[in-house]
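Student: structure, please.
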Amino acid sequence: MAAMTGPPGSTISGATRLKLSTMMFLQFFVWGAWFVTMGTFLGEELEASGSQISLAYLTQSLGAIAAPFFIGLIADQFFSAQKVLGILHLAGAALLFLASTMSTFGAFFPVILVYMILYMPTLALVNSVSFRQMASPEKQFPAVRVLGTIGWIVAGVIIGWLAWEQEAQLSQTYRMAAVASLILGVFSFFLPATPPTHRGEKTSIRDILGLEAIGLLKNRSYLVFFLSSIAICIPLAFYYNFTNLFLNEEGVKSAAAVQSLGQVSEVLFLLLMPFLLMRIGVKLTLAVGMAAWAIRYVFFAFGDAGSLFWMLLVGIVLHGICYDFFFVAGQIYTDKFAGERFRSAAQGLITLATYGVGILIGSLAAGPIVDNFATDDGHDWTQIWIIPAVIAGVVMILFLILFKDRRVDHVTMLDAASTTLEAPGIAVPREQRPRSGTP
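Tutor: Numbering: from 1, shown residues only. As a prediction, this is how the structure comes out:
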């Protein structure tokens, strides 16, 4: 079928599709190359405490909070998205290489903090560059975005193949990410032109943070969902911050590669989610996602690298249900609940609450808990994992009792599922504006 490039409304060409897919692959390869194993790197090579590891991971939350300001006040107003993307990744490459040379947590932390403040806005920028080239993002974007998930998986497989975890060479992950970031930084200047969409417009802090949607919280059920989204991010922080360190202490070989099964399951379970929404509705779909969090941590608590290794594998594969059935389904619910007027603002608000406030609280809580169960030869992981399992279970029970919204029926939820786009840690509606959408 013939294709051509051009403004929105035209058909995306094969060359443009290849550029966007390459951009997505590198974008998430860069992140996956170091983020998964940072806890092990800090704990084993920099001798950081659990609290310090959590402090390093909460830079993601600080970056998520800063990202809407960056996009709304800079990229939307003054400069083309692909140029801002290139500059941020070039600066990020230098910071990642600098991080690889640090030998103490005190020196490492400010570098990774600045890096995450620069990196998190690029997640919105790659979406913006992609959407502006597509006539039908809901149909064309998934095939491009899936390369990002593949990039994350490939990064984990490379780390496992080169045995950097077993040989205490995780500083190499930052150098690998730096090279990929450098390549993406240069490549970004050859991406399709994406000029600012709101040049000359006045943008308020209320617009940037999506606070115009705050009135949605007057509805009791949506308030329950909103607070549950924040609360479930507390156990989520345990997974992000400490799973790789846990697997390595348990003696799992190529732990980063094994963890990539979680991203594979994201793709597979995403295909099942629309059918689940149609059959059981949003309330039970969200509850299934929460239940999966509790179950996975129970499996982590009692599994091991020996005869019970299957429990660890199931816990990792459950990531697809944990993420897709709660976070993606939640974004779909928000999309339909908010309606046309507040759709983008509501997505920005829920993202700020979860990846900003929720994971921030979770990271601050997880570190001291892990430190409390430190032992002479590692940690008492059984006691550690039981805590987020209980938290997730309590959140699920309260949600089932208090959430009673029946206004969004199965048919409209299924329709929303067909127009909502997924990314690891991020779900993006097709109408999303970069300044008020997810980072």
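
Student: all helices of the stretch 201-350 of the chain, in order?
Tutor: Here the stretch 201-350 of the chain has its helices, by DSSP state H, counting those that start in this stretch, at 205-208, 220-249, 255-259, 261-302, 309-317, 319-322, 329-351.

Student: columns mean neighbour count on top of the ones you listed, output as TSV?
Tutor: The C-beta positions use only the backbone N, C-alpha and C, and glycine is treated the same way. Compiled in TSV, those are given as follows (neighbours: other CB atoms under 10 Å):
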stretch	mean neighbour count
helix 205-208	16
helix 220-249	23
helix 255-259	24
helix 261-302	20
helix 309-317	18
helix 319-322	25
helix 329-351	23
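
Student: got any ranges where this protein has weak pLDDT?
Tutor: Low-confidence segments of the chain (pLDDT under 70): 1-11, 68-78, 137-138, 196-213, 339-345, 347, 405-439.

Student: which strands and helices sit next to whatever helix or strand residue 366 lives in?
Tutor: Residue 366 is part of helix 359-372 when elements are defined by DSSP states H and E. If contacts are counted by 3 or more CB pairs under 8 Å, 6 or more residues apart in numbering; DSSP states H and E, helix 359-372 sits against helix 50-57, helix 59-70, helix 220-249, helix 381-402.

Student: using JSON lines, please lay out these together with distance to residue 89.
Tutor: Formatted as JSON lines, the helices and strands packed on helix 359-372 follow (distance: least, CB to CB, whole Å):
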{"stretch": "helix 50-57", "distance to residue 89": "21"}
{"stretch": "helix 59-70", "distance to residue 89": "14"}
{"stretch": "helix 220-249", "distance to residue 89": "22"}
{"stretch": "helix 381-402", "distance to residue 89": "33"}
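
Student: centre of the chain to stretch 125-135, how far?
Tutor: Chain-centre distance of stretch 125-135: 19 Å, with CA atoms, centre = their mean, to the nearest Å.

Student: what comes up buried for it?
Tutor: 125-134 (16 or more other CB atoms under 10 Å).

Student: one more: stretch 50-67?
Tutor: 50-61, 63-67.

Student: please export the C-alpha coordinates of that stretch as PDB.
Tutor: This file holds the C-alpha atoms of stretch 50-67, laid out as PDB (Å, rounded to 0.1, in the frame of the first residue of the first chain):
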ATOM      1  CA  GLY A  50      18.300  -0.100  51.700                       C
ATOM      2  CA  SER A  51      17.300   3.400  52.400                       C
ATOM      3  CA  GLN A  52      19.900   4.800  50.100                       C
ATOM      4  CA  ILE A  53      18.800   2.400  47.300                       C
ATOM      5  CA  SER A  54      15.200   3.600  47.700                       C
ATOM      6  CA  LEU A  55      16.500   7.200  47.700                       C
ATOM      7  CA  ALA A  56      18.100   6.500  44.300                       C
ATOM      8  CA  TYR A  57      14.900   5.000  42.900                       C
ATOM      9  CA  LEU A  58      12.700   7.800  44.100                       C
ATOM     10  CA  THR A  59      14.600  10.100  41.600                       C
ATOM     11  CA  GLN A  60      12.100   8.500  39.100                       C
ATOM     12  CA  SER A  61       9.300  10.100  41.100                       C
ATOM     13  CA  LEU A  62      11.100  13.500  41.300                       C
ATOM     14  CA  GLY A  63      11.600  13.300  37.500                       C
ATOM     15  CA  ALA A  64       8.000  12.500  36.900                       C
ATOM     16  CA  ILE A  65       6.900  15.500  39.000                       C
ATOM     17  CA  ALA A  66       9.300  17.700  37.100                       C
ATOM     18  CA  ALA A  67       8.500  16.400  33.600                       C
END
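
Student: when you give positions from now on, start the count at 48
Tutor: Okay, using 48 as the starting number, the last item reads as stretch 97-114.

Student: so residue 144 makes contact with residue 225?
Tutor: Yes: using CB atoms under 8 Å, residue 144 makes contact with residue 225 at a distance of 4.2 Å.

Student: so which of the two has more stuff around it?
Tutor: Per other CB atoms under 10 Å, whichever of residue 144 and residue 225 has more neighbours is residue 225, with 22 against 17.

Student: output the contacting helices and strands for whichever strand or helix holds that one.
Tutor: In this assignment (DSSP H and E), residue 225 forms part of helix 218-235. Helix 218-235 is packed against helix 61-82, helix 128-147, helix 184-208, with contacts defined by 3+ CB pairs under 8 Å, 6+ apart.

Student: now it: how far from the chain's centre is it?
Tutor: Centroid displacement of helix 218-235 relative to its chain, using CA atoms, centre = their mean, is 19 Å.
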